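A.B. asks: Quick check, what structure comes out for this input:
(4 chains)
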2 protein chains.
Amino acid sequence: MTLEAGATISYLQIGEAADRTGLTQRTLRYYEEKGLLKPPSRMDGGFRLYSGDDVERIERIKEMRDLLGFSLAEIKEMIEADDVRLQVRAEWRSDADAAEKAARILKAREVTEAQLALIDNKMGKMAEMRQTLAERLEKYDTLLKQWSGQP
Amino acid sequence: MTLEAGATISYLQIGEAADRTGLTQRTLRYYEEKGLLKPPSRMDGGFRLYSGDDVERIERIKEMRDLLGFSLAEIKEMIEADDVRLQVRAEWRSDADAAEKAARILKAREVTEAQLALIDNKMGKMAEMRQTLAERLEKYDTLLKQWSGQP
DNA sequence: TGAAACATTGACGTTCGCGTTAACGTCTCT
DNA sequence: AGAGACGTTAACGCGAACGTCAATGTTTCA
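C.D. replies: Take a look at the predicted model:
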């Protein structure tokens, strides 16, 4: 186990990472293969080591898949937008010229805005469905009350 | 065209039904095959005839698929619950005994409640995602403002 | 040191949700 | 009656998203 000098205990092998995220090892490898996950670090023998950030990312992917029903291709796009964000943070004090930085941020902003719009749209329609369901529930309740008062 | 004596114009062939719902003929047949749609009425030659209720149902299925990202199997469960509801309405003035009616209603109520919980759950998590996205957006905006005031 | 537990890379298999094609029957209109 | 539009079933095909071996290497612990 030759981790970096100051490495803490927080690296997980694929089995543990799978357990914590509720996915399978196969799925994690598959996501890596499909470019949703960047190749994680490895230990000397070649075993994958997932960082805390990696695990977070995996969980976000899972949420987008389960919650929003996005395809992996769609998720990949969103994630790439996220990468831009992280890159911006990393390059913050570098020698990149100002115009380029601003352009990056602007693009990230646009993508985020699109994502927000998409979510708002979905939530709106879900609210409609919720409404009809709630009304239906009330009807049942009044029906049941009428019924119980009438032997 | 030998429809029922009092039939109005409201029956659609599969092509029209597909156009109105934005699905394909193949998809409609597939849903029927999978039990999501009850076998519709047919005309003499064997052509499928979809009623207004059928079309409504198709649209609801589509919404659940697109909006909620449910699998067809999951949708089928929800739809079956819906059938219970329709059956209750149809049998309303029949000779079924009171206890049985009440039991049916109660079951329908429970299913509806479960669906509501499911939707609320999803909406809750989506709201969380929305929140982080909104915050991210604000950060971008403040960053861009700082940038533009600093040549 | 050796066995048990865990990992690696292939490669093939499976299920879902339809698309597509083939061969054929029906409806409608002139 | 005949042509063109529309429909029918049956069957094969396909991409997505993994599951499931199989053969092999690595870690760990007694």
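A.B. asks: Just the helices from chain A, written as ranges.
C.D. replies: A:14-21, A:25-33, A:52-68, A:72-90, A:98-148 (DSSP state H).
A.B. asks: Any idea which of those helices has the lowest pLDDT on average?
C.D. replies: The weakest mean pLDDT among the helices of chain A belongs to helix A:72-90, with a mean of 81.
A.B. asks: For that one, enumerate the helices and strands it packs against.
C.D. replies: With contacts defined as 3 or more CB pairs under 8 Å, 6 or more residues apart in numbering or on different chains; DSSP states H and E, helix A:72-90 has these neighbours: helix A:52-68, helix A:98-148. All C-beta atoms are positioned from the backbone trio N, CA, C, and that covers glycine.
A.B. asks: give me every residue that touches the residue of chain A at minimum distance from chain B.
C.D. replies: Distances between chain A and chain B by CB to the nearest CB are smallest at residue A:69, namely 2.0 Å. Neighbouring residues of residue A:69 by CB atoms under 8 Å, 6 or more residues apart in numbering or on different chains: B:68, B:69, B:70.
A.B. asks: Pipe those into JSON lines and attach distance to residue A:48 per row.
C.D. replies: Compiled in JSON lines, those are given as follows (distance: CB to CB, whole Å):
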{"residue": "B:68", "distance to residue A:48": "34"}
{"residue": "B:69", "distance to residue A:48": "29"}
{"residue": "B:70", "distance to residue A:48": "33"}
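A.B. asks: between the residues you listed, which is closest to chain A?
C.D. replies: residue B:69 (2.0 Å).
A.B. asks: so which residue of chain A comes closest to DNA strand C?
C.D. replies: residue A:15 (2.6 Å; CB to the nearest atom of the strand).
A.B. asks: That residue contacts residue A:25, doesn't it?
C.D. replies: Yes - Residue A:15 is within contact range of residue A:25, at 6.4 Å (criterion: CB atoms under 8 Å).
A.B. asks: give me the number of residues near the residue in chain A that DNA strand D sits nearest to?
C.D. replies: Nearest residue of chain A to DNA strand D (CB to the nearest atom of the strand) works out as residue A:45 at 2.0 Å. Residues lying near residue A:45 (other CB atoms under 10 Å in any protein chain shown) number 6.
A.B. asks: For it, give its distance to residue A:101.
C.D. replies: Using CB to CB, to the nearest Å, residue A:45 is found at 40 Å from residue A:101.
A.B. asks: center of chain A, which residue is that?
C.D. replies: residue A:60 (2.1 Å; CA atoms, centre = their mean).
A.B. asks: Just list the residues touching that one, thanks.
C.D. replies: Residue A:60 sits next to A:79, A:82 when contact means CB under 8 Å, 6+ apart.
A.B. asks: Any residues of chain A in contact with DNA strand C? List them.
C.D. replies: A:13, A:14, A:15, A:16, A:25, A:29, A:42, A:46, A:47, A:48 (CB under 7 Å from any atom of the strand).
A.B. asks: quick one: the second one from residue A:48, how far?
C.D. replies: For residue A:14, the distance to residue A:48 (CB to CB) stands at 5 Å.
A.B. asks: The nearest residue to residue A:133 once chain neighbours are set aside: neighbour count?
C.D. replies: Leaving out its chain neighbours, the residue that sits closest to residue A:133 by CB to CB, 6 or more residues apart in numbering or on different chains is residue B:116, at 4.9 Å. By other CB under 10 Å, 16 other residues sit near residue B:116.
A.B. asks: do the same with residue A:50
C.D. replies: Residue A:50 has 24 nearby residues by other CB under 10 Å.
A.B. asks: how much space is there between it and residue A:43?
C.D. replies: Distance from residue A:50 to residue A:43, by CB to CB: 11 Å.
A.B. asks: Alongside chain B, which residues does chain A contribute?
C.D. replies: Proximity of chain A to chain B, by CB under 8 Å from any CB of the partner chain, involves residues A:63, A:67-70, A:85, A:98, A:101-102, A:105-106, A:108-109, A:112-113, A:115-116, A:119-120, A:122-123, A:125-127, A:129-130, A:133-134, A:136-137, A:140-141, A:143-144, A:147-148.
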